[in-house]
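Chemist: pasted the sequence and its predicted model underneath.
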Amino acid sequence: MNVAFLVAKEGIEQVELTEPWKAVEHAGHTPRLVSPEPGRVQAYHHLDKADAFDVDVTAADTRADDYAALVLPGGVGNGDLLRWQRPAVGLVKDFVASGKPVAVICHGGWVLIEAGGVGGRRVTSWPSMQTDFRNAGATWVDEEVVVDGPLISSRKPDDLPAFCKELVEALA
């Protein structure tokens, strides 16, 4: 099964992209890097530049039907850039409407909020986002990982083992 990893052109927290990516591959699935812009995206280790990754397909040229699940990695810049890019928001809306798993960590939740995907859901995230989630109608909690139907959410890189476990289980 193909799994979409939606990221912006820059600002992705690298470990929040690479660890779930490895977990998806290890489980026998095919991760695909989706971004609003073609080319390469720039990841970071917090505020320091890290690796760049090739985009497989743009958000405008794909749809939720092409994938089994969506992963929204974090990174402050990544989350902020994605939430105002229409193709990214549209793809997230399609995933939410499909009922397929959506796994979000840290600041990746901003695009999910923009897409109207958190109302009535129980979620977690980086603590600074709790007001944003509450204002969008979610119940925010400070837990390692939260699964609410098809929505899997987690707070930070330290939570990646639990996050990846729930993502892989959702694909089983």
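Modeler: Nice, I can see it.
Chemist: what's next to stretch 119-127, contact-wise?
Modeler: Outside stretch 119-127, the residues that touch it by C-beta atoms under 8 Å, 6 or more residues apart in numbering are 74, 104-107, 109, 133, 136-146, 148-149, 151, 153-156. Quick note: C-beta positions are derived from backbone N, CA and C, even for glycine.
Chemist: in that stretch, what's buried?
Modeler: 121-126 (16 or more other C-beta atoms under 10 Å).
Chemist: per-residue confidence for the residue most central in space within the chain?
Modeler: By C-alpha atoms, centre = their mean, the chain has its centre lying nearest to Leu72, at 0.7 Å. Predicted confidence (pLDDT) at Leu72: the value is 98.
Chemist: I'd assumed Glu25 was in a strand, is it?
Modeler: No - the assignment for Glu25 by DSSP: H, G, I helix; E, B strand; the rest coil gives helix, which leaves it out of any strand.
Chemist: quickly list what the residue of the chain most remote from its centre is bridged to.
Modeler: For the chain, the residue at maximal distance from the C-alpha centroid (C-alpha atoms, centre = their mean) is Asp48, at 20.6 Å. For Asp48, the beta-bridge partners are His45 (DSSP bridges).
Chemist: just the buried residues of stretch 95-110, please?
Modeler: Those buried within stretch 95-110 under the rule 16+ other C-beta under 10 Å are 95-96, 98, 100-110.
Chemist: typo on my end, stretch 73-93
Modeler: For stretch 73-93, by 16+ other C-beta under 10 Å, it's 73-79, 81-83, 85, 87-89, 91-93.
Chemist: nice, that's everything, thank you.
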